[in-house]
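Student: Quick one, fold the following:
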Amino acid sequence: MKMKKTKLPELPIVPEKYGCEVYERIDWSAITSWMTDAERKLINGLIQYYQPENVLEVGIAAGGGRSTCSTR
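Tutor: Numbering: from 1, shown residues only. Coordinates of the predicted model:
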C-alpha cells in the first residue's frame, strides 16, 4: 500500500483519536519515554493514518546542540 499524501492541515481525522485501539494495547509502564501521553497519541495517530513504509525517529530529549543532516 502506498503512503497517503494528505497535508497535515487537510487531515480528515484527529490524529490524537485515530488508531487508538493499537495505542491502548501497548503496556506503557514498561517503556521509558520523555513524550507525554498526548504526544504519543499524536504520533500513533499519524503513523496509523499515513501507514509509512519506514519511520525515522530523530529527537533531542533535554536540549542539546545543533546538528545538520544531508542526503547528498
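
Student: what helix or strand does Ile43 sit in?
Tutor: helix 37-50 (DSSP states H and E).

Student: Now that helix: buried residues?
Tutor: Within helix 37-50, the residues that count as buried by 16 or more other C-beta atoms under 10 Å are 40-49. Every C-beta, even on glycine, is put in place using the N, C-alpha and C of the backbone.

Student: residue contacts, the residue most central in space within the chain?
Tutor: Closest residue to the average C-alpha location of the chain: Ile43 at 2.4 Å, with C-alpha atoms, centre = their mean. In this structure, Ile43 makes contact with Met35, judged by C-beta atoms under 8 Å, 6 or more residues apart in numbering.

Student: Equivalent analysis for Val22, please.
Tutor: Applying C-beta under 8 Å, 6+ apart, the residues near Val22 are 44, 48.

Student: how much space is there between it and Val58?
Tutor: For Val22, the distance to Val58 equals 22 Å [C-beta to C-beta, to the nearest Å].
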